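**Q** what's the 3D shape of this:
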Amino acid sequence: MKEGLVHVCFVLDESGSMSYSTSDVKGGFKKVIEEQKALTNGGCIVSLFKFSDTVKEVYLGKDVNEIDADNLDYSPGGMTAMNDGIGTAIDSVGKWLAAKDESERPEKNLIIIMTDGAENASREFSLEQVREKIKHQTEKYDWSFVYMGTDVTDSSYTNHLMGGLKNCTSLYNSRDNHTENYSLCCSVATAWRGMEGSTYEMKSAVLEADLTNAADSMTERYEKKIGRKIK
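**A** Below is the predicted model:
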């Protein structure tokens, strides 16, 4: 593995219900890219997948410095093929990594799933198949998955998808605060890149602690807003 190199894979919901937040998604994505470009420690490569009725691979393993964050093509419409989006991203990233020399593979793979709703349109993958893929990648290759749900009213999908699995974090936030979601993505990648000389185990412990604390804080505030527990 290439020490200090972080791979951030975004799996973005581009269904019609996300139309209200188009500017926030574009602005938040740009913030992550620009902040990662400004860092000198380690390195960052980015993959981007979008899903609505179908799944689109925008790019795979692209150096962050080559990304034009001002021109993110994001035009919500259609339904939510979330299982297909996640499953396709996992398979594509896995094949891409397998083809690379071990010395060039990123030290950390962070998969960010951002949505405001629930699955309703997948044709290729079932929920159980996606869960098994996540389990395999976390247990065998130590990938980390973050599910960022906004205005989620039923957490049964998320609990089945991520519940009890290693290196899987679910965060709940209101639909008017995408900025915090993106800021967290950026801070986690930045922290990993900044821990030069630290052991992999130490970096993993810091990442897990940061995500856990963020999940607890964001979910608690979301629950207060809607007036009920969601877990």
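**Q** run the chain-centre distance for the longest helix seen in the chain.
**A** Longest helix in the chain, counting residues (DSSP state H): helix 200-226. Centroid separation between helix 200-226 and its chain, computed with Cα atoms, centre = their mean, to the nearest Å, is 14 Å.
**Q** and that helix, what does it pack against?
**A** In terms of contacts (3 or more Cβ pairs under 8 Å, 6 or more residues apart in numbering; DSSP states H and E), helix 200-226 is packed against strand 106-115, strand 144-150, strand 168-173, helix 178-194. Any C-beta I mention is one placed from the backbone N, CA and C, and that applies to glycine too.
**Q** of those, which approaches residue 52 most closely?
**A** strand 106-115 (11.0 Å; Cβ to Cβ).
**Q** need the CA coordinates for the closest one. PDB is fine.
**A** Provided in PDB are the C-alpha atoms of strand 106-115 (Å, rounded to 0.1, in the frame of the first residue of the first chain):
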ATOM      1  CA  PRO A 106      -4.200   3.500  -1.500                       C
ATOM      2  CA  GLU A 107      -3.600   3.000   2.100                       C
ATOM      3  CA  LYS A 108      -7.200   3.700   3.000                       C
ATOM      4  CA  ASN A 109     -10.400   3.300   1.000                       C
ATOM      5  CA  LEU A 110     -13.300   5.400   2.300                       C
ATOM      6  CA  ILE A 111     -16.700   4.900   0.700                       C
ATOM      7  CA  ILE A 112     -19.200   7.800   1.200                       C
ATOM      8  CA  ILE A 113     -22.800   7.100   0.500                       C
ATOM      9  CA  MET A 114     -25.000  10.200   0.500                       C
ATOM     10  CA  THR A 115     -28.800  10.100   0.100                       C
END
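**Q** go ahead and confirm residue 119 touches residue 79.
**A** No - judged on Cβ atoms under 8 Å, residue 119 makes no contact with residue 79 at a distance of 9.3 Å.
**Q** of the two, who's got more company?
**A** Using other Cβ atoms under 10 Å, the more surrounded residue of residue 119 and residue 79 is residue 119, with 21 against 17.
**Q** please name the nearest non-neighbouring residue to that one.
**A** Ranked by Cβ to Cβ, 6 or more residues apart in numbering and with sequence neighbours excluded, the top spatial neighbour of residue 119 is residue 82, at 4.3 Å.
**Q** centroid-nearest residue for the chain?
**A** Geometric centre of the chain, nearest residue: residue 112, 0.1 Å, by Cα atoms, centre = their mean.
**Q** ok so, going back, measure the residue nearest to residue 119 to residue 127 for me?
**A** 9 Å (Cβ to Cβ, to the nearest Å).
**Q** overlap of the contact sets of the two?
**A** Common contact partners of residue 82 and residue 127 (Cβ atoms under 8 Å, 6 or more residues apart in numbering): 119, 157.
**Q** the two: which has the busier surroundings?
**A** Ranked by neighbour count (other Cβ under 10 Å), residue 82 and residue 127 place residue 82 first, with 28 against 16.
**Q** in this structure, which helix or strand is least confident?
**A** Ranked by mean pLDDT, DSSP states H and E, the weakest helix or strand in the chain is strand 168-173, scoring a mean of 81.
**Q** need the residues that contact that strand.
**A** By Cβ under 8 Å, 6+ apart, the list of residues contacting strand 168-173 reads 134, 138, 144-150, 152, 155, 158-159, 162, 180-181, 184, 211-212, 214-215, 218-219, 221-223, 230.
**Q** buried among these? Need that as a selection in ChimeraX.
**A** In ChimeraX syntax, the buried subset of the contacts of strand 168-173 is picked out as below (16 or more other Cβ atoms under 10 Å):
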select :134,138,144,145,146,147,148,149,150,152,155,158,162,180,181,184,211,214,215,218,219,222,230
